[in-house]
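1. sequence isn't available, so here's the structure alone:
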(Lines give C-alpha, C1' and ligand atoms only; values in the text may rest on other atoms or scores of the structure.)
Protein backbone atom coordinates (compact mmCIF):
# COMPACT_ATOMS: atom_id res chain seq x y z
CA UNK A 1 0.00 0.00 0.00
CA UNK A 2 1.30 3.46 -0.90
CA UNK A 3 2.33 5.62 2.03
CA UNK A 4 0.41 8.94 2.02
CA UNK A 5 2.51 12.07 1.62
CA UNK A 6 2.67 14.44 4.57
CA UNK A 7 1.90 18.12 3.82
CA UNK A 8 4.89 20.43 3.86
CA UNK A 9 5.12 23.62 5.87
CA UNK A 10 4.14 25.65 2.81
CA UNK A 11 1.19 23.32 2.09
CA UNK A 12 -0.07 23.71 5.65
CA UNK A 13 0.29 27.49 5.73
CA UNK A 14 -1.40 27.83 2.33
CA UNK A 15 -4.33 25.72 3.55
CA UNK A 16 -4.69 27.85 6.69
CA UNK A 17 -4.66 31.09 4.71
CA UNK A 18 -7.08 29.72 2.11
CA UNK A 19 -9.48 28.90 4.94
CA UNK A 20 -9.49 32.55 6.01
CA UNK A 21 -10.96 33.52 2.60
CA UNK A 22 -9.47 37.00 2.67
CA UNK A 23 -6.69 38.77 0.80
CA UNK A 24 -5.30 40.62 3.83
CA UNK A 25 -5.07 40.10 7.57
CA UNK A 26 -6.13 43.12 9.66
CA UNK A 27 -4.00 43.87 12.73
CA UNK A 28 -4.57 46.77 15.07
CA UNK A 29 -1.78 49.30 14.89
CA UNK A 30 -1.58 48.99 18.68
CA UNK A 31 0.21 45.68 18.11
CA UNK A 32 3.24 47.59 16.81
CA UNK A 33 2.82 50.83 18.76
CA UNK A 34 0.81 51.92 21.77
CA UNK A 35 -0.64 55.24 20.73
CA UNK A 36 0.13 58.18 22.93
CA UNK A 37 -2.40 59.62 25.34
CA UNK A 38 -2.44 63.13 26.75
CA UNK A 39 1.01 63.76 28.20
CA UNK A 40 2.24 60.27 27.31
CA UNK A 41 4.50 59.49 24.36
CA UNK A 42 3.83 56.62 21.97
CA UNK A 43 5.81 53.49 22.76
CA UNK A 44 6.20 49.90 21.62
CA UNK A 45 3.26 47.51 21.49
CA UNK A 46 3.37 43.71 21.94
CA UNK A 47 5.51 43.35 18.79
CA UNK A 48 8.48 44.79 20.69
CA UNK A 49 8.39 41.89 23.17
CA UNK A 50 8.77 39.36 20.35
CA UNK A 51 11.78 41.28 18.99
CA UNK A 52 13.50 41.83 22.35
CA UNK A 53 13.08 38.14 23.25
CA UNK A 54 14.15 36.86 19.82
CA UNK A 55 10.80 35.05 19.65
CA UNK A 56 10.40 34.58 15.90
CA UNK A 57 8.48 31.33 16.38
CA UNK A 58 5.99 33.10 18.62
CA UNK A 59 5.48 35.91 16.12
CA UNK A 60 5.03 33.41 13.28
CA UNK A 61 2.36 31.52 15.20
CA UNK A 62 0.59 34.66 16.34
CA UNK A 63 0.36 36.08 12.81
CA UNK A 64 -0.90 32.72 11.50
CA UNK A 65 -3.55 32.60 14.23
CA UNK A 66 -4.61 36.18 13.48
CA UNK A 67 -4.81 35.39 9.76
CA UNK A 68 -7.36 32.61 10.17
CA UNK A 69 -9.28 33.75 13.26
CA UNK A 70 -9.87 37.33 12.12
CA UNK A 71 -12.44 35.68 9.86
CA UNK A 72 -14.74 34.22 12.53
CA UNK A 73 -15.57 30.53 12.55
CA UNK A 74 -19.15 29.80 13.59
CA UNK A 75 -19.65 33.39 14.65
CA UNK A 76 -16.68 33.61 17.05
CA UNK A 77 -13.01 34.44 16.88
CA UNK A 78 -11.96 30.94 17.86
CA UNK A 79 -10.38 28.01 16.07
CA UNK A 80 -9.74 24.39 16.99
CA UNK A 81 -6.87 22.58 15.33
CA UNK A 82 -4.57 19.63 16.16
CA UNK A 83 -1.21 20.76 17.53
CA UNK A 84 0.42 18.89 14.62
CA UNK A 85 -1.10 21.45 12.22
CA UNK A 86 0.47 24.36 14.10
CA UNK A 87 3.72 22.43 14.39
CA UNK A 88 3.91 21.96 10.62
CA UNK A 89 3.00 25.60 10.05
CA UNK A 90 5.95 26.57 12.25
CA UNK A 91 8.31 24.17 10.52
CA UNK A 92 8.95 22.21 13.73
CA UNK A 93 10.50 18.73 13.34
CA UNK A 94 7.99 15.87 13.39
CA UNK A 95 9.06 14.33 16.68
CA UNK A 96 7.25 13.28 19.83
CA UNK A 97 8.22 16.63 21.33
CA UNK A 98 6.48 18.76 18.70
CA UNK A 99 3.20 18.99 20.60
CA UNK A 100 5.01 20.18 23.73
CA UNK A 101 6.90 22.79 21.68
CA UNK A 102 3.64 24.14 20.26
CA UNK A 103 2.19 24.30 23.78
CA UNK A 104 5.16 26.38 24.95
CA UNK A 105 4.70 28.86 22.12
CA UNK A 106 0.97 29.12 22.82
CA UNK A 107 1.77 29.71 26.49
CA UNK A 108 3.96 32.67 25.59
CA UNK A 109 1.15 34.17 23.50
CA UNK A 110 -1.25 33.56 26.36
CA UNK A 111 1.12 35.22 28.85
CA UNK A 112 1.21 38.29 26.57
CA UNK A 113 -2.61 38.48 26.66
CA UNK A 114 -2.92 37.95 22.90
CA UNK A 115 -4.91 34.70 23.03
CA UNK A 116 -6.68 32.35 25.37
CA UNK A 117 -6.64 28.57 25.00
CA UNK A 118 -8.89 25.71 26.02
CA UNK A 119 -9.54 22.09 25.21
CA UNK A 120 -12.04 20.43 22.92
CA UNK A 121 -11.45 16.76 23.49
CA UNK A 122 -7.80 16.20 22.59
CA UNK A 123 -7.62 19.35 20.48
CA UNK A 124 -6.56 22.86 21.49
CA UNK A 125 -9.05 25.67 21.08
CA UNK A 126 -7.53 29.12 20.53
CA UNK A 127 -9.44 32.38 20.96
CA UNK A 128 -8.02 35.64 19.66
CA UNK A 129 -7.83 38.64 22.01
CA UNK A 130 -7.27 42.32 21.29
CA UNK A 131 -3.92 42.84 19.52
CA UNK A 132 -2.90 45.54 22.00
CA UNK A 133 -2.25 42.82 24.60
CA UNK A 134 -4.87 44.21 26.97
CA UNK A 135 -6.59 40.84 27.46
CA UNK A 136 -9.89 42.27 26.21
CA UNK A 137 -12.15 40.55 23.70
CA UNK A 138 -11.29 40.71 20.02
CA UNK A 139 -13.42 42.66 17.57
CA UNK A 140 -12.33 42.91 13.96
CA UNK A 141 -11.05 46.43 13.18
CA UNK A 142 -12.79 48.15 10.30
CA UNK A 143 -15.97 46.07 10.74
CA UNK A 144 -19.28 46.80 12.46
CA UNK A 145 -18.36 50.39 13.13
CA UNK A 146 -15.03 49.61 14.82
CA UNK A 147 -12.66 52.48 14.01
CA UNK A 148 -9.47 51.35 15.75
CA UNK A 149 -6.46 52.12 13.51
CA UNK A 150 -5.13 49.00 11.82
CA UNK A 151 -2.66 47.72 9.29
CA UNK A 152 -3.23 44.98 6.71
CA UNK A 153 -0.81 42.12 6.05
CA UNK A 154 -1.26 40.93 2.44
CA UNK A 155 -1.85 37.27 1.65
CA UNK A 156 1.34 37.37 -0.45
CA UNK A 157 3.30 37.39 2.83
CA UNK A 158 2.20 33.76 3.24
CA UNK A 159 1.50 32.37 -0.20
CA UNK A 160 3.66 34.40 -2.60
CA UNK A 161 6.45 32.62 -4.48
CA UNK A 162 9.10 34.07 -2.15
CA UNK A 163 7.39 32.70 1.00
CA UNK A 164 8.21 35.83 2.97
CA UNK A 165 6.82 34.35 6.20
CA UNK A 166 9.80 31.99 6.37
CA UNK A 167 12.49 33.85 4.43
CA UNK A 168 12.41 37.21 6.26
CA UNK A 169 14.33 37.50 9.51
CA UNK A 170 12.61 38.46 12.76
CA UNK A 171 13.73 42.11 12.58
CA UNK A 172 12.70 42.29 8.91
CA UNK A 173 9.24 40.98 9.81
CA UNK A 174 8.98 43.53 12.61
CA UNK A 175 9.98 46.46 10.39
CA UNK A 176 7.60 45.24 7.68
CA UNK A 177 4.72 45.36 10.17
CA UNK A 178 5.79 48.80 11.38
CA UNK A 179 6.01 50.05 7.78
CA UNK A 180 2.55 48.66 6.98
CA UNK A 181 1.17 50.66 9.90
CA UNK A 182 2.50 53.94 8.47
CA UNK A 183 1.59 56.05 5.49
CA UNK A 184 2.72 54.73 2.08
CA UNK A 185 5.66 57.19 2.10
CA UNK A 186 7.11 57.45 5.58
CA UNK A 187 10.07 58.50 7.69
CA UNK A 188 11.53 56.12 10.28
CA UNK A 189 14.60 57.58 12.02
CA UNK A 190 16.36 54.61 13.59
CA UNK A 191 17.49 56.61 16.62
CA UNK A 192 13.85 56.96 17.61
CA UNK A 193 13.03 53.27 17.19
CA UNK A 194 13.31 52.38 20.86
CA UNK A 195 11.10 55.28 21.93
CA UNK A 196 8.42 54.86 19.29
CA UNK A 197 8.34 51.08 18.93
CA UNK A 198 10.35 49.53 21.75
CA UNK A 199 12.85 48.17 19.19
CA UNK A 200 16.55 49.00 19.43
CA UNK A 201 18.18 51.23 16.83
CA UNK A 202 20.36 48.29 15.77
CA UNK A 203 17.32 46.06 15.19
CA UNK A 204 15.43 48.78 13.35
CA UNK A 205 18.44 49.55 11.17
CA UNK A 206 19.00 45.87 10.40
CA UNK A 207 15.34 45.45 9.48
CA UNK A 208 15.33 48.44 7.15
CA UNK A 209 18.60 47.34 5.54
CA UNK A 210 17.31 43.79 5.15
CA UNK A 211 14.07 44.83 3.46
CA UNK A 212 16.02 47.09 1.10
CA UNK A 213 18.41 44.26 0.25
CA UNK A 214 15.48 41.99 -0.58
CA UNK A 215 13.98 44.57 -2.93
CA UNK A 216 10.98 45.25 -0.67
CA UNK A 217 11.80 48.79 0.40
CA UNK A 218 12.72 51.92 -1.56
CA UNK A 219 14.46 54.90 0.03
CA UNK A 220 14.66 58.53 -1.13
CA UNK A 221 17.37 60.61 0.55
CA UNK A 222 17.07 64.39 0.79
CA UNK A 223 18.86 67.01 2.86
CA UNK A 224 17.42 69.64 5.18
CA UNK A 225 19.13 72.81 6.32
CA UNK A 226 20.30 72.57 9.93
CA UNK A 227 22.38 75.64 10.83
CA UNK A 228 23.26 74.41 14.33
CA UNK A 229 24.91 71.18 13.14
CA UNK A 230 28.56 70.85 12.11
CA UNK A 231 27.86 70.25 8.39
CA UNK A 232 24.93 72.69 8.34
CA UNK A 233 22.42 70.10 7.11
CA UNK A 234 20.81 66.83 8.10
CA UNK A 235 19.92 63.81 6.01
CA UNK A 236 16.24 62.87 5.71
CA UNK A 237 15.18 59.45 4.45
CA UNK A 238 11.72 58.70 3.10
CA UNK A 239 10.79 55.06 2.63
CA UNK A 240 8.07 53.21 0.78
CA UNK A 241 7.33 49.53 0.52
CA UNK A 242 7.55 47.80 -2.85
CA UNK A 243 5.56 44.90 -4.25
CA UNK A 244 3.94 42.81 -2.95
CA UNK A 245 3.56 45.18 0.01
CA UNK A 246 3.27 48.49 -1.88
CA UNK A 247 0.29 50.23 -0.30
CA UNK A 248 0.02 52.95 -2.95
CA UNK A 249 -1.19 50.57 -5.67
CA UNK A 250 -3.53 48.78 -3.30
CA UNK A 251 -5.11 52.05 -2.16
CA UNK A 252 -5.48 53.28 -5.73
CA UNK A 253 -7.17 50.03 -6.73
CA UNK A 254 -9.43 50.01 -3.68
CA UNK A 255 -10.62 53.58 -4.10
CA UNK A 256 -12.40 55.45 -1.37
CA UNK A 257 -12.66 52.48 1.01
CA UNK A 258 -8.89 52.03 1.12
CA UNK A 259 -8.41 55.79 1.49
CA UNK A 260 -10.54 55.60 4.63
CA UNK A 261 -8.27 52.87 5.97
CA UNK A 262 -5.25 55.09 5.30
CA UNK A 263 -6.82 57.87 7.36
CA UNK A 264 -7.53 55.46 10.18
CA UNK A 265 -4.06 53.96 10.50
CA UNK A 266 -2.00 57.11 10.98
CA UNK A 267 0.72 56.74 13.62
CA UNK A 268 1.60 59.85 15.61
CA UNK A 269 5.28 60.00 16.51
CA UNK A 270 5.43 63.22 18.51
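-> Okay, I see it. Quick caveat, the model's predicted, so the values are computed rather than measured.

2. and residue 47, what does it touch?
-> 31, 32, 59, 174, 177, 178, 197, 198, 199 (Cβ atoms under 8 Å, 6 or more residues apart in numbering). Backbone N, C-alpha and C define where each C-beta goes, glycine included.

3. leaving out sequence neighbours, find the closest residue to the fifth one.
-> By the measure of Cβ to Cβ, 6 or more residues apart in numbering, the closest residue to residue 177 outside its immediate chain neighbours is residue 32, 5.3 Å from it.

4. quick check: pLDDT value at the one you found.
-> Looking at residue 32, its pLDDT is 96.

5. how near is it to residue 76?
-> 25 Å (Cβ to Cβ, to the nearest Å).

6. check residue 82 too.
-> 19 Å.

7. ditto for residue 183
-> Residue 183 is 34 Å from residue 76, by Cβ to Cβ.

8. what's the answer for residue 47, then?
-> From residue 47 to residue 76 the distance is 25 Å (Cβ to Cβ).

9. equivalent analysis for residue 174, please.
-> Taken as Cβ to Cβ, the span from residue 174 to residue 76 is 29 Å.

10. which one's more surrounded, those two?
-> More neighbours surround residue 174 than the other of residue 174 and residue 76, with 27 against 11 (other Cβ atoms under 10 Å).

11. right, and that one touches residue 206 too?
-> No - the pair residue 174 / residue 206 is not scored as a contact, 9.8 Å apart, by Cβ atoms under 8 Å.

12. show me where the protein has strands.
-> Using DSSP state E, the strands assigned to the chain run over residues 24-28, 33-34, 43-44, 78-81, 115-120, 123-128, 150-154, 217-225, 233-241.

13. dump the ones you listed into CSV; add distance to residue 142 and mean neighbour count as well.
-> Converted to CSV, these look like this (distance: least, Cβ to Cβ, whole Å; neighbours: other Cβ atoms under 10 Å):
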stretch, distance to residue 142, mean neighbour count
strand 24-28, 6, 23
strand 33-34, 18, 24
strand 43-44, 23, 18
strand 78-81, 20, 18
strand 115-120, 21, 14
strand 123-128, 15, 18
strand 150-154, 6, 22
strand 217-225, 25, 11
strand 233-241, 20, 15
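
14. can I get those in JSON lines with distance to residue 10?
-> As requested, those are exported to JSON lines (distance: least, Cβ to Cβ, whole Å):
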{"stretch": "strand 24-28", "distance to residue 10": "17"}
{"stretch": "strand 33-34", "distance to residue 10": "31"}
{"stretch": "strand 43-44", "distance to residue 10": "31"}
{"stretch": "strand 78-81", "distance to residue 10": "17"}
{"stretch": "strand 115-120", "distance to residue 10": "24"}
{"stretch": "strand 123-128", "distance to residue 10": "22"}
{"stretch": "strand 150-154", "distance to residue 10": "17"}
{"stretch": "strand 217-225", "distance to residue 10": "24"}
{"stretch": "strand 233-241", "distance to residue 10": "23"}
